[in-house]
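Trainee: Need a 3D model of the sequence below.
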Amino acid sequence: MGSTVESITSLAMIFVMIIPGIIAAKTNMIREDQNHVVSSIVVNITFPCLIVDALQVEYAPDLFSDIGKVAAIVLGTFFLAVAIGIVMRKTMKMEGGTDYIVMFMLIFSNCGFMGMPIVNAIYGKDGLFYASLLEMVSDIFMFTVGIMLIQAAAGHKMKMELKGLLTPGFISVLIGIALLFTGTSLPGFLGDSVEIIGSATSPLSMIAIGLQLGHMKFKDLIGDYRMYIVSAVRLIVLPMVAFVVLVLIMGNTSLLVKVMVLEIAMPAAACSTLFSQQYGADADFATKGVMLSTVLSIFTLCIFVVLLGGL
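Mentor: Purely as a prediction, here's the structure:
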């Protein structure tokens, strides 16, 4: 019981950090055109440091096994999301490429920008290690298959852009893995600096989400019934199926299982909007899905934290 209460308290602490962002947006202390500054700091500076610090652990013989398990989980979730997306495409009225955007939002959760700070708060550095591995595998899919889906949503010819993988986040994973496999630890002063910068990810990422919510009109957020269905699948159906399947296959509720389920339970990836803007797809539709699923995740994540905390 104590573990569950501590997890809920940690989750509440993380979500409270959204409030300053909402206030700053509503009072125009930070204008809408300035939102990207906070996000850029997180994506390009603090988040990569968080990943490198998370991978500063002692090398273990079963590391390759863990990476394989994470990759299999991501791949399984990928195919499940695609199958559900195809069914939704046939049953819901979606046009203008929105069906591909929905597919993207179902496949990719906000496992990095939002998921890693939450995992860090609840499970600490051990959980963050698994979350970093998931982030690496997810990035490979996102910047290849994911971009092709958004290209299709925009009516463009689909083509892989492997150069998209060369993001600060992905590069930091490669650096972290290299340090891990070679048994190299960062010197004290450098390691401490990386850890301190990485610790800023939680407050800054939540403030960035608060800014996005604060600059969005409430009626725009709740007006599309399709977004509720997408959010329900993203936040409840996929993580519940993942939980049942993982417990049945692995026969336990290890830290790896808990972290994977919690990461899958995260809201739609913020890149849904960013990629849609970049390639000329329906960015407004993507933004509604990201923001609504983020708001609803405040409640659904509490459910999963309680469920996982009791195991």
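
Trainee: contacts, neighbours, all on C-alpha from now
Mentor: Noted.

Trainee: packing partners for the lowest-mean-pLDDT helix or strand in the chain?
Mentor: Every helix and strand of the chain was ranked by mean pLDDT, DSSP states H and E. The lowest is helix 218-222, at a mean of 71. Applying 3 or more CA pairs under 8 Å, 6 or more residues apart in numbering; DSSP states H and E, we find helix 218-222 packed against helix 283-309.

Trainee: Give me the buried positions along the helix it packs on.
Mentor: Within helix 283-309, the residues that qualify as buried are 283, 285-295, 297-298, 300-302, 304-306, 308-309, counting by 16 or more other CA atoms under 10 Å.

Trainee: And for stretch 169-188?
Mentor: Applying 16+ other CA under 10 Å to stretch 169-188 flags 169, 170, 171, 172, 173, 174, 176, 177, 179, 180, 185 as buried.

Trainee: What lies in contact with that stretch?
Mentor: 43-44, 47-49, 51-59, 132-133, 136, 139, 191 (CA atoms under 8 Å, 6 or more residues apart in numbering).

Trainee: Quick one: mean pLDDT for it?
Mentor: Average pLDDT, stretch 169-188: 85.

Trainee: Check stretch 11-29 too.
Mentor: What stretch 11-29 shows for mean pLDDT is 90.

Trainee: The helix or strand hosting residue 126 - what's its average pLDDT?
Mentor: Residue 126 belongs to helix 115-141 when assigned by DSSP states H and E. The predicted model assigns helix 115-141 a mean pLDDT of 86.

Trainee: try stretch 295-305
Mentor: The model assigns stretch 295-305 a mean pLDDT of 91.

Trainee: and what of stretch 191-198?
Mentor: In this model, stretch 191-198 has a mean pLDDT of 92.

Trainee: then that stretch to CSV, C-alphas only?
Mentor: Presented in CSV, the C-alpha positions along stretch 191-198 are these (Å, rounded to 0.1, in the frame of the first residue of the first chain):
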residue,chain,number,x,y,z
GLY,A,191,28.6,13.2,-14.6
ASP,A,192,27.2,15.5,-11.9
SER,A,193,26.6,18.3,-14.4
VAL,A,194,24.8,15.9,-16.8
GLU,A,195,22.7,14.6,-13.9
ILE,A,196,21.7,18.2,-12.7
ILE,A,197,20.8,19.3,-16.2
GLY,A,198,18.9,16.1,-16.8
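
Trainee: next one: the least confident helix or strand of the chain to chain centre, how far?
Mentor: On the basis of CA atoms, centre = their mean, to the nearest Å, helix 218-222 is displaced by 22 Å from the centre of the chain it belongs to.

Trainee: go on, stretch 184-203?
Mentor: Counting by CA atoms, centre = their mean, stretch 184-203 is centred 21 Å from the centre of its parent chain.

Trainee: again with stretch 120-139
Mentor: The answer for stretch 120-139 is 10 Å, by CA atoms, centre = their mean.

Trainee: same check, this time on stretch 241-249
Mentor: On CA atoms, centre = their mean, the centre of stretch 241-249 falls 20 Å from that of its chain.

Trainee: Thanks again, I'm all set now.
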